[in-house]
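>>> what shape does this take:
(one chain, ligands or ions: 1)
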Amino acid sequence: MEKKLKGLIQELETKLASIETVNDLNLLKAEYLGKKSVFNDLMKQLKDVSNEEKPRFGKLINEAKQEIAAKLDSARAELERKLVASKLKSEAIDVTLPGKSVNTGSKHLISQVIEEVEDIFIGLGYTVKEGPEVESDKYNFEMLNLPKDHPARDMQDSLYISEETLLRTHTSPVQVRSLLENSNQEPMKIICPGKVYRKDDDDQTHSHQFTQVEALVVDEKANLADLKGTLLFVAQKLFGEEREIRLRPSYFPFTEPSVEVDVSCYKCGGVGCSMCGNTGWIEILGAGMVNNNVLRDAGYDPNRFQGFALGMGVERIAILKHGVDDIRAFYTNDLRFNKQFRGK
Ligand code: PHE
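Coordinates of the predicted model:
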């Protein structure tokens, strides 16, 4: 009996030495300790053993079983350790390898400037609005104090879709839309960024499509001084805290009085240089007090309400801020241009 048990253990050891998987190990476990294992036969044989010998044999069998169980356990632990080690090896990451460069996109310079302008106005309590690019003649012109035969219509060569619809020539129709929408005639401060279209031949300084930001404030006391303060604040945010502004009389049918706004040259500080044509000033936008006719047509009593409006060209601001020398660069999507303005 003792020999037989020793033989069994040795046999198991040789088999254990050649197994490779946990599955092999499970099969061995079934073979040696399972229901149909050799030990079952041995236990059966126990009943033929004399009573004096029984306890000793029983003990020997149990010890052999325990030894086998222990050997199987340690073989399992070893297998698992090897498995983990090989996994660690095969899945190891060499952190010293150079990484793959990922090409990320970035915002277009025009979008960046729009957001910059939006942030300035949002900081002043304005709401951002949108309006359609295909607009009615009524909102684009008529209700902005530009009746059909008005000579100032020539100021903006238009792209008509039909007799009554056109691609908006400016963002000012949003003034009309906002006034009409605000039926309670609550105090209002809005801006509207968006694309506008004009029948122009594209060249270095002209584009048939460009971008504007409109601003409109209407309440019972908004006055020219408020407009001036707003313009100074916006100009300083865009071009630097040391900037000054200058208002020159101008003409827009929808504002009265109308002004053209200049900012002191940020390149020469106002002394005069090639940037500002030696004047010390750079024109940045048009503005004015909302014309009474516009208020009246939108159902506002001009004796009670007043307001101011301004419209700026986003490309112009971007050109000035970033020294872009051809407006077409914004639309031709040359990556060498776009990548120079990746933002923060
Ligand atoms: N809409 C005018 C333009 O496109 C700009 C402007 C807007 C002027 C608002 C005054 C007030 O030229």
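
>>> which residues does Lys89 contact?
Listed by C-beta atoms under 8 Å, 6 or more residues apart in numbering, Lys89 has no contact partners. Yep, even glycine has a C-beta here, placed from its N, CA and C like the rest.

>>> for it, give me the pLDDT.
Per-residue confidence (pLDDT) for Lys89: 92.

>>> element containing it, please.
In this structure, Lys89 sits in helix 54-90 according to DSSP states H and E.

>>> pLDDT weak spots in this protein?
For the chain, the stretches with pLDDT under 70 are 343-344.

>>> rerun at 50
Along the chain, no part satisfies pLDDT under 50.

>>> what are the buried residues along the helix holding Lys89?
57, 60-61, 64-65, 68, 71-72, 75, 79 (16 or more other C-beta atoms under 10 Å).

>>> these also near the ligand: which ones?
Among the buried residues of helix 54-90, no residue sits close to the ligand (C-beta under 6 Å from any ligand atom).

>>> which among those residues gets closest to the ligand?
Leu79 (79.3 Å; C-beta to the nearest ligand atom).

>>> which residues sit in contact with whichever residue of the stretch 1-150 of the chain sits closest to the ligand?
The nearest approach of the stretch 1-150 of the chain to the ligand comes at Leu144, 8.1 Å away (C-beta to the nearest ligand atom). Leu144 sits next to 172-173, 175-176, 253-254, 294 when contact means C-beta under 8 Å, 6+ apart.

>>> need the phi and psi values for the closest residue to the ligand within the chain.
Here the chain gets closest to the ligand at one residue, Gly311, 2.6 Å apart by C-beta to the nearest ligand atom. Per-residue torsions, Gly311: phi -140, psi 130 (degrees, to the nearest 10).

>>> count the residues that sit near it.
23 (other C-beta atoms under 10 Å).

>>> bridged to it, which residues?
Glu214, Gly286 (DSSP bridges).

>>> quick one: Lys321 from Gly272, how far?
As judged by C-beta to C-beta, to the nearest Å, Lys321 and Gly272 stand 20 Å apart.

>>> if we can go back for a sec, now, which of the contacts of Leu144 lie close to the ligand?
Ser172.

>>> looking at the contacts of Leu144, which are in strands?
Members of the contacts of Leu144 lying in strands (criterion: DSSP state E): none.

>>> can you redo the contacts of Leu144 as CSV with neighbour count?
CSV is the format used below for the contacts of Leu144 (neighbours: other C-beta atoms under 10 Å):
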residue, neighbour count
Ser172, 31
Pro173, 26
Gln175, 30
Val176, 24
Pro253, 20
Phe254, 23
Val294, 26
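
>>> what residues are up against Ser250?
Taking C-beta under 8 Å, 6+ apart as the test, what Ser250 contacts is 258-260, 286, 288.

>>> now Val176
Counted by C-beta under 8 Å, 6+ apart, Val176 has contacts 139, 143-144, 294, 297-298.

>>> if you set the cut-off to 7 Å instead, what comes out?
139, 143-144, 298 (C-beta atoms under 7 Å, 6 or more residues apart in numbering).

>>> where along this structure do the helices fall?
Listed in chain order, the helices of the chain (DSSP state H) span 2-18, 22-33, 38-46, 54-90, 109-123, 137-140, 173-181, 224-239, 292-297, 314-322, 335-338.

>>> how close does the closest residue to Leu42 other than its chain neighbours get to Tyr300?
Using C-beta to C-beta, 6 or more residues apart in numbering and skipping the chain neighbours, the partner closest in space to Leu42 is Ile61 (5.6 Å). Ile61 sits at a distance of 107 Å from Tyr300 (criterion: C-beta to C-beta).
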